[in-house]
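>>> this one's sequence-less:
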């Protein structure tokens, strides 16, 4: 109290709330470090795994797998060292893994593929003219005997922002032996000059690059598909928590009755069938044979011409079978988890003590046992949010739903490195935020938790 009628001072925060804030602050600060570890590991595996986009492009240039047991030279092999070098630069394989990862992060500048061009010096010449990408000009590149190269100043061409590097014959031969196995270099190349532009364009600058397959920005591809996955994720969460918790409570209260036995048979039968397998059966029977539901997609072809009510009906009509497949596994798990936890708490001493003191059975269930029973469910809440938002790869593939799950499938199948890194980064962020949400949910429902 200040003076005669001053206001009361605000109460100091409790020690528990201070510990809670400090704990979650530490968890949030650990997210960037964890993301670095996850993305670095995936980036390295993707680079070091065989059969990448560079190998596939080389295989197509070399005619693929030979149908007969002839050597590549006997079957008309005509690959050059310049082509190997251009492919290596196109797929950014001319950099070491740490350097390439630093460029993806935006710590170091990266070369822009659409502003990169190279040409070999004529024999005995110290200058070469290279067409400048995106212009009608020619850049004159000059080299000296010590291996230094520079762009010769020209009134017709502004060299601001342009760089040049020299590829020696020995370096090109080394690149050839690295990527083309079992075939000797037909002809030793000459010195090659490459002009390019580079800038910081990575994660720290808010960019995930462009898809090597579709040439679209990775961010736009992810955001374009998120509404579909969010719809199925939110609908699944509402159905799972809205139906599983009441059913689990009912099964615990009516344990070993006909209701519990019949529902258990149905729940475990559904749990035994994978969602994608059930989806295939439903498409064949309910879609193709009976024609009750559409076979594919999230909306119909005439969606834009429908009224507002018609659009809602169309979305629900398309979403019915996929939602059943989304729910089938999680429904059984959450129902039985709720039932078993509640039964354990109903048999605990504190519930029996409450009943002995005259507390009614419904009050003992919902006032005492229920709160302790949802603690294990709260620990899975954040992870469920992350998994459901990112979608199911197989279910979206079966129903041809253009969501985040199908985007992940396409990225992996096509070895689209920028897209793979984009979906891994986005999924990892959701997973880590989900873990923090799970801890927060536990702190809300369980007052005994201490975060010192």
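Sure thing, it's come through. Remember, it's a predicted structure, so these values are computed and weren't measured experimentally.

>>> Show me the shaky parts of the stretch 51-200 of the chain.
Scanning the stretch 51-200 of the chain for pLDDT under 70 picks out 63-77.

>>> Quick one: the helices in it, in order.
Per DSSP state H, counting those that start in this stretch, the stretch 51-200 of the chain carries helices over the ranges 53-61, 81-90, 97-105, 169-179.

>>> Likewise for the stretch 201-350 of the chain?
Going by DSSP H, counting those that start in this stretch, the stretch 201-350 of the chain shows helices at 218-253, 258-272, 275-282, 308-346, 349-356.

>>> between those, which gets nearest to residue 367?
helix 349-356 (8.0 Å; Cβ to Cβ). Every residue, glycine included, has its C-beta placed from N, CA and C.

>>> ok, the nearest residue to residue 231 once chain neighbours are set aside - contacts?
Excluding the flanking residues, the one nearest residue 231 by Cβ to Cβ, 6 or more residues apart in numbering is residue 319, at 7.3 Å. Residue 319 makes contact with 231, 232, 235, 298, according to Cβ atoms under 8 Å, 6 or more residues apart in numbering.

>>> can you redo the helices of the stretch 201-350 of the chain as TSV with distance to residue 397 and mean pLDDT?
Listed next are the helices of the stretch 201-350 of the chain as TSV, based on distance: least, Cβ to Cβ, whole Å; pLDDT from 0 to 100:
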stretch	distance to residue 397	mean pLDDT
helix 218-253	13	84
helix 258-272	21	81
helix 275-282	7	84
helix 308-346	11	82
helix 349-356	47	76
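
>>> could I get those helices as CSV with distance to residue 392?
Formatted as CSV, these follow (distance: least, Cβ to Cβ, whole Å):
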stretch, distance to residue 392
helix 218-253, 8
helix 258-272, 15
helix 275-282, 7
helix 308-346, 6
helix 349-356, 38
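
>>> got the contact list for the residue lying closest to residue 56 once chain neighbours are set aside?
Closest residue to residue 56 apart from its sequence neighbours, by Cβ to Cβ, 6+ apart: residue 415 at 7.3 Å. Residue 415 makes contacts with 46, 51, 52, 53, 56, as judged by Cβ under 8 Å, 6+ apart.

>>> Whichever of those residues end up buried, select them in PyMOL.
A single PyMOL command suffices to select whichever of these are buried according to 16 or more other Cβ atoms under 10 Å:
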select buried, resi 46+53
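
>>> Determine which two of the contacts of residue 415 are furthest apart.
Farthest-apart pair in those is 46 and 56; separation 13.7 Å (Cβ to Cβ).

>>> what's the domain layout of the protein?
If you go by automatic domain parsing, the domain ranges for the chain are 79-206, 218-445.

>>> Which of those domains sits closest to residue 41?
Set against residue 41 and scored by Cβ to Cβ, these come closest in domain 218-445, at 9.5 Å.

>>> Run the chain-centre distance for the closest one.
Chain-centre distance of domain 218-445: 19 Å, with Cα atoms, centre = their mean, to the nearest Å.

>>> ditto for stretch 39-46
How far stretch 39-46 lies from its chain's middle: 13 Å, per Cα atoms, centre = their mean.

>>> for the protein, what's the longest strand?
Secondary structure of the chain per DSSP state E: the longest strand is strand 192-199.

>>> about what we covered before: confirm the residue nearest to residue 56 sits in a strand?
No: applying DSSP: H, G, I helix; E, B strand; the rest coil, one finds residue 415 to be coil, outside a strand.

>>> so what's the backbone phi/psi at it?
Note on residue 415: backbone dihedrals following degrees, to the nearest 10 are phi 50, psi 40.

>>> start at 45 instead
Got it, first residue is 45 now, which makes that one residue 459.

>>> Now do it against residue 256, distance only.
Taking Cβ to Cβ, to the nearest Å as the measure, residue 459 falls 9 Å from residue 256.
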